[in-house]
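Q: Here is my input; please provide its structure:
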Amino acid sequence: MTRAPVRVGFIGLGSQGAPMARRILAAGHETTLWARRPATLLPFEDSGARTASSPAELAAASDLVCLCVVDDADVEQVVTGPDGVLAGLRRGGVIAVHSTVHPDTCRRLEAAARTCGASVVDAPVSGGGRAAEQGTLLVMAGGDPQVFAYCRPVFAAYGDPVVHLGPTGSGQIAKILNNLLFTAHLGLAADALGVGTSLGLDRTALSRILPRGSAASFALDRIADADGSLGRIAAHAGGLLAKDVRLFAEIADTAGVRHAPALREAALAALAAMGR
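A: Residues are numbered from 1 along each chain as shown. Here you go, the predicted structure:
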């Protein structure tokens with residue numbers, strides 16, 4: 001594939017997906033949107049984006065369809081449902097799965113797409129809405145290298161770096177490991193601040209100095225901002241982190257991987273502290 005994708009379809013206009021779609025529009029790509037909730041389309045009324053009445057209609061107007069929905073069931077429904085993406089996507093079209101799902105889900109979708117003459121790239125992202133707005137999402141991709149190269153100009157609209165990791169499912173494995181480690185870091189950071197407070201240190205002061213030393217991490221910053229508590233993070237992202245740690249456990253157990261028990265236990269302890 002040598003032709004850069006011109007027509008992009010985007011599904012999943014949440015806090016991260018909406019700024020991704022805006023970056024695609026700003027990059028000059030003809031863009032079509034679909035959403036289960038019409039209200040999420042309202043901010044795009046004057047953006048120049050087209051809207052579709054179904055995923056199939058969106059796919060028929062697109063060369064590349066990007067998905068940024070919540071979980072495996074959502075991805076499969078949007079792609080393979082009666083009026084799903086595969087019902088409208090042309091031969092040679094591509095589906096990019098930006099959601100964090102099981103690698104096997106992407107492999108099943110790839111097999112289904114292949115029967116329609118289409119392709120799938122798994123390309124989960126990390127960084128959140130602010131990084132999407134700034135065009136600095138980390139994009140972790142798996143799939144055929146030529147298909148990845150075809151998609152890369154669109155991914156570059158919202159991602160830096162954009163990294164190809166291997167065959168289909170590789171991006172998902174990388175993202176799940178990222179979230180596993182992040183979950184473990186959250187728990188360890190909260191524990192460290194809690195221990196410091198128990199030993200008589202001022203929590204606010206400790207929260208100022210630890211992120212400036214060798215203990216610094218993105219997770220520690222989030223915990224420090226939350227006054228040492230996991231509660232705010234649990235309310236915002238606890239369910240998603242629990243999903244991703246569960247996905248890691250399934251992948252590792254299926255593959256017979258028994259490495260990094262400390263990492264796995266630290267992540268599970270963090271989830272327990274979040275009430276998950």
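
Q: The single longest strand found in the chain pairs with which strands, parallel or anti?
A: Longest strand of the chain, by residue count under DSSP state E: strand 159-166. Its sheet considered, strand 159-166 pairs with strand 137-142 (parallel) by DSSP bridges.

Q: can you give me how far the partner strand is from the chain middle?
A: Distance of strand 137-142 from the chain centroid (C-alpha atoms, centre = their mean, to the nearest Å) equals 8 Å.

Q: And the contacts of stretch 235-249?
A: If you take C-beta atoms under 8 Å, 6 or more residues apart in numbering as the criterion, stretch 235-249 is touched by 70-71, 100-102, 175-177, 179-180, 182-183, 186, 264, 267-268, 270-271, 274-276. Glycine gets a C-beta too; all of them are placed from N, C-alpha and C.

Q: Now the buried members of the residues you listed.
A: Judged by neighbour count, with 16 or more other C-beta atoms under 10 Å as the criterion, the buried members of the contacts of stretch 235-249 are 71, 100-102, 175-177, 179-180, 182-183, 186, 264, 267-268, 270-271, 274, 276.

Q: rewinding a little: let me know the next secondary structure element after the longest strand of the chain.
A: With elements assigned by DSSP states H and E, the helix or strand that comes after strand 159-166 is helix 170-198.

Q: Report the mean per-residue pLDDT for that next one.
A: Taken as a whole, helix 170-198 has an average pLDDT of 97.

Q: Okay, buried residues for that helix please.
A: Of the residues in helix 170-198, those scored as buried under the neighbour-count criterion (16+ other C-beta under 10 Å) are 170-194, 196.

Q: Kindly report the same for stretch 29-40.
A: Neighbour counts over stretch 29-40 (16+ other C-beta under 10 Å) mark 29-35, 40 as buried.

Q: cool, stretch 99-113 as well?
A: Neighbour-count burial for stretch 99-113, counted by 16+ other C-beta under 10 Å, picks out 99-110, 112-113.

Q: Where does residue 244 fall, secondary structure wise?
A: Using DSSP H and E, residue 244 maps to helix 231-255.

Q: all strands for the chain, in order.
A: Ranges of strands within the chain are 7-11, 30-34, 50-51, 64-67, 94-97, 119-122, 125-126, 137-142, 159-166, based on DSSP E.

Q: right, so those strands: which one is the most enclosed?
A: strand 94-97 (a mean of 29; mean count of other C-beta atoms under 10 Å).
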